[in-house]
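[1] structural data only, the sequence is not supplied:
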């Protein structure tokens, strides 16, 4: 009896913190979050995720993009963006790390003063992007004398590469550094 009660309470807590559906099939999202993607009605994509309600959905077609104004004054906007997109791989067996190796070469030609800051492989079950191994990379570089920090989660699934990318001016990074964890934590692929 005690074990059953603990199991029931654990399940209630899990569902309280996740996006789920009610008996009518409507999606319930945790307070403070919004839903984007397939479960929010975008049939052009094969995934869904939640994001902080302070962020605005600015693109919702084959690419989903959200943005946040990091500038607290009303003088001018300074946006951080997160984009989620997918496309077919030339070689459907490509994994995230080899994809990144080729992608990084392109970034080195785009960004002035490009620097790879960190990489993290998501291979353990608790860290996967839904059920898919992924790679998280953090890099910086300059465009027009502004230094940008970028975080990118890369996952390869069924011949597609999925890219979740945060781009933010370096000085505003601490204002948005948790958004990638929010997007990743409830990211789901259409099954």
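    On my side now, so go ahead. Quick caveat: nothing in here was measured; it's all calculated off a predicted structure.

[2] what pLDDT is listed against the nearest residue to residue 179 once chain neighbours are set aside?
    The shortest distance from residue 179 to any non-neighbouring residue, by CB to CB, 6 or more residues apart in numbering, is to residue 82 (5.9 Å). Glycine gets a C-beta too; all of them are placed from N, C-alpha and C. Here, the pLDDT recorded for residue 82 equals 97.

[3] what of residue 139?
    97.

[4] isn't it right next to residue 113, touching?
    No. Counting by CB atoms under 8 Å, residue 113 is not a contact partner of residue 139; they are 10.6 Å apart.

[5] with neighbour numbers in mind, choose between those two.
    residue 139 (19 against 8; other CB atoms under 10 Å).

[6] contacting residues around the strand or helix carrying that one?
    Assessed by DSSP states H and E, residue 139 sits inside strand 134-143. Outside strand 134-143, the residues that touch it by CB atoms under 8 Å, 6 or more residues apart in numbering are 96-97, 100, 104, 107, 110-122, 127-128, 147-155, 170, 180.

[7] let's see that with 6 Å instead.
    96-97, 100, 111-122, 147, 149-155 (CB atoms under 6 Å, 6 or more residues apart in numbering).

[8] which of those residues count as buried?
    96, 100, 111, 122, 149-155 (16 or more other CB atoms under 10 Å).

[9] can I get these in a markdown table including pLDDT, distance to residue 134 and secondary structure?
    As requested, these are exported to a markdown table (pLDDT from 0 to 100; distance: CB to CB, whole Å; DSSP: H, G, I helix; E, B strand; the rest coil):
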| residue | pLDDT | distance to residue 134 | secondary structure |
| --- | --- | --- | --- |
| 96 | 96 | 6 | helix |
| 100 | 96 | 10 | helix |
| 111 | 92 | 22 | coil |
| 122 | 94 | 4 | strand |
| 149 | 96 | 19 | strand |
| 150 | 96 | 16 | strand |
| 151 | 97 | 12 | strand |
| 152 | 97 | 10 | strand |
| 153 | 97 | 5 | strand |
| 154 | 97 | 6 | strand |
| 155 | 97 | 4 | strand |
